[in-house]
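Okay, here's the prediction I keep looking at, along with the sequence it came from:
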Amino acid sequence: MIYIANRFGAEPDYYVENQATADLLQQYYSYSSLQIGTRTDAEVQLDVNRQACLAMNTERFSICATFTNGSDTVWRAMQDDDPEEYEYKVFNHMTGVYSTHHTKTAALLENEIRKDEFLVLFGMGSVQEWTEVPIPPPPEPVTPLT
């Protein structure tokens, strides 16, 4: 069994259950992150990779509080001490549209959903499994031109 923990913008982390599988993989591919390990090891690594991905993409996940200042509406980043009952806007990076929520709890929940969607989009929703080593076909013979 081969377990794959994807990374954002980098080669995934590969975990294999034994040295024989690692040797077979290295025969056909050159993985820089190939380790002997279990599905649990891959899941732990995926959690690390997910947190790193979200840290690199914080600007995609914004929650704004809206305030009325005279006839103007002012947006600013939500703060911890903002009231629970207020108007909050959550940016959906998939559609480019803000959704409106009237409680901080609902806005935070929506933002977590957007983060999960982003991780799934980049193959980081769960550990992937291969049941066997994908062996590439042999190269086609080259026919000389006549």
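Arrived safely.

At the geometric centre of this structure, which residue sits there?
The centroid of the chain falls nearest to Leu119 when counting by Cα atoms, centre = their mean (2.7 Å).

Rounded mean pLDDT for the host helix or strand of it, please.
Taking DSSP states H and E as the criterion, Leu119 maps to helix 104-121. For helix 104-121, mean pLDDT rounds to 96.

and whichever helix or strand comes after that helix, what's its mean pLDDT?
Remark: after helix 104-121, the chain's next helix or strand is strand 128-130, criterion DSSP H and E. Mean per-residue pLDDT for strand 128-130: 94.

Stretch 44-62 too?
Stretch 44-62 comes out at a mean pLDDT of 95.

in the helix holding Leu119, what's buried?
For helix 104-121, a neighbour-count test (16 or more other Cβ atoms under 10 Å) marks Lys104, Ala107, Glu110, Asn111, Arg114, Lys115, Phe118, Leu119 as buried. C-beta: built from backbone N, CA, C; applies to glycine.

okay, now Pro137: neighbour count?
Using other Cβ atoms under 10 Å, Pro137 has 5 other residues around it.

so who does it touch?
For Pro137, no contacting residues are found, by Cβ atoms under 8 Å, 6 or more residues apart in numbering.

just to revisit the earlier point, wait, which of the buried residues of helix 104-121 is closest to Pro139?
Nearest to Pro139 among the buried residues of helix 104-121: Leu119, at 36.5 Å, using Cβ to Cβ.

what's the domain layout of the protein?
2-57+123-130, 58-121 (automatic domain parsing).

what's the most buried one of the ones you listed?
Comparing these by mean neighbour count (mean count of other Cβ atoms under 10 Å), domain 2-57+123-130 comes out on top with a mean of 16.

Endpoint to endpoint, it covers what distance?
End-to-end span of domain 2-57+123-130 (Cα to Cα, to the nearest Å): 5 Å.

can you pull out the helices in this protein?
Along the chain, the stretches classed as helices by DSSP state H are 19-28, 39-56, 104-121.

how far off helix 39-56 does the helix holding Leu119 point, in degrees?
120 degrees (axes from the mean of the first three to the mean of the last three Cα atoms, to 10 degrees).

ok so, going back, can you redo the buried residues of helix 104-121 as JSON lines with distance to Cys53?
Output for these, formatted as JSON lines (distance: Cβ to Cβ, whole Å):
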{"residue": "Lys104", "distance to Cys53": "25"}
{"residue": "Ala107", "distance to Cys53": "22"}
{"residue": "Glu110", "distance to Cys53": "19"}
{"residue": "Asn111", "distance to Cys53": "15"}
{"residue": "Arg114", "distance to Cys53": "13"}
{"residue": "Lys115", "distance to Cys53": "9"}
{"residue": "Phe118", "distance to Cys53": "8"}
{"residue": "Leu119", "distance to Cys53": "7"}
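
Noted, bye for now.
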